[in-house]
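Engineer: Sequence unavailable; structure follows:
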């Protein structure tokens, strides 16, 4: 109704001024056709552009895999190329719609300072991603800890590093924070040292306990002989004699060795009659 009233008012105004209504309708029709062509062209450019971007992404992925680059580098480059291609597609669509790209670029340039200030954090994250790829403090597949987050590195993107926790949560950590703060990489070295503290009762023969622990260590092929394991009397606690055990294993075997050792020691100590301590309180009664 509003459009009809507007057209009627336009025609009446045009008629009162002696303007040819047919000429006006012809101009409106021509304008509508031109706008329709621009919109149709923009839609076609978008569909074709998205198809091309997808194909280029697949081709790039195959090329990177053939070159056997690290997965972290592959994900970073794919993310960067995808953003650049989508920006080019946006410029093409804007140009097809009749917007002057030179003025559009000038507008972006004039707003560049404000955008740069607003996105300063993302720019630092982008630089942090480059630092991570160049100096390689970690790579995809490593288990790291830093910035109050820990998990396995699943992907290194241009702004964030994606971690997967042991309970299958996904954490997005900014690259800027990772590149400028302390990070613990548990997967960097091929071997790791495991440490246990086993408490036994006072009165137990230390040499017997040491021999039992040495036998358990020697029976586990996952525990490395070099560096040699260490068994020592650690602390004389209030209710226990704490024996400290240190042994080296491959990083991939670390947690299996750690938990299996606890179970085997518990079962073996019970069979050998070695008592585990528990808190005790001795009460002396005063004589009258």
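Structural biologist: Yep, that arrived. Worth saying up front: this structure is predicted, and the values here are computed from it rather than measured.

Engineer: Residue 243 - that's part of a helix, no?
Structural biologist: No - counting by DSSP: H, G, I helix; E, B strand; the rest coil, residue 243 is not part of a helix but strand.

Engineer: Just list the residues touching the spatially closest residue to residue 256 that is not a sequence neighbour, thanks.
Structural biologist: In this structure, residue 256 finds its nearest non-sequential neighbour in residue 222, 7.1 Å apart by CB to CB, 6 or more residues apart in numbering. Yep, even glycine has a C-beta here, placed from its N, CA and C like the rest. Counting by CB atoms under 8 Å, 6 or more residues apart in numbering, residue 222 touches 249-250, 253, 256-257.

Engineer: ranges for the strands of the stretch 1-150 of the chain?
Structural biologist: 143-146, 149-156 (DSSP state E, counting those that start in this stretch).

Engineer: Which neighbours in the sheet does the helix or strand following the longest one have, and how are they oriented?
Structural biologist: By that I understand strand 149-156. Following strand 149-156 in sequence order, the next helix or strand is strand 160-164 (DSSP states H and E). According to DSSP bridges, strand 160-164 forms sheet pairs with strand 149-156 (antiparallel), strand 170-174 (antiparallel).

Engineer: Pick the most deeply packed of the ones you listed.
Structural biologist: Most buried of those, by mean neighbour count (mean count of other CB atoms under 10 Å): strand 149-156, with a mean of 19.

Engineer: Touching that strand from outside, list them.
Structural biologist: Residues contacting strand 149-156 (CB under 8 Å, 6+ apart): 71-72, 75-76, 129, 132-133, 138-144, 161-166, 169-171, 173, 175, 184.

Engineer: buried subset of the residues you listed?
Structural biologist: For the contacts of strand 149-156, a burial check counting by 16 or more other CB atoms under 10 Å picks out 71-72, 75-76, 129, 132-133, 138-140, 142-144, 161-163, 171, 173, 175.

Engineer: and the helix or strand hosting residue 194, what's its mean pLDDT?
Structural biologist: Here residue 194 sits within strand 191-200, counting by DSSP H and E. The average pLDDT within strand 191-200 is 95.

Engineer: residues in contact with that strand?
Structural biologist: Residues contacting strand 191-200 (CB under 8 Å, 6+ apart): 186, 209, 213, 224, 227, 234, 237, 239-251, 254, 257-258, 261-262, 265, 269, 274-277.

Engineer: now swap in stretch 173-184 and tell me
Structural biologist: For stretch 173-184, with CB under 8 Å, 6+ apart as the criterion, the contacting residues are 121, 124-129, 131-132, 137-138, 144-147, 149-150, 156-163.

Engineer: Low-confidence bits of the protein, can you list those?
Structural biologist: The chain contains residues with pLDDT under 70 at 1-21, 24, 30-32, 98-121, 280-282, 288.

Engineer: contacting residues for the residue positioned nearest the centre of it?
Structural biologist: Centroid-nearest residue in the chain, with CA atoms, centre = their mean: residue 162, separated by 1.0 Å. Residues in contact with residue 162 (CB under 8 Å, 6+ apart) are 153-156, 170-173.

Engineer: Output those as CSV; include the columns distance to residue 201.
Structural biologist: Shown next, in CSV, are those (distance: CB to CB, whole Å):
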residue, distance to residue 201
153, 45
154, 47
155, 51
156, 51
170, 47
171, 44
172, 50
173, 46
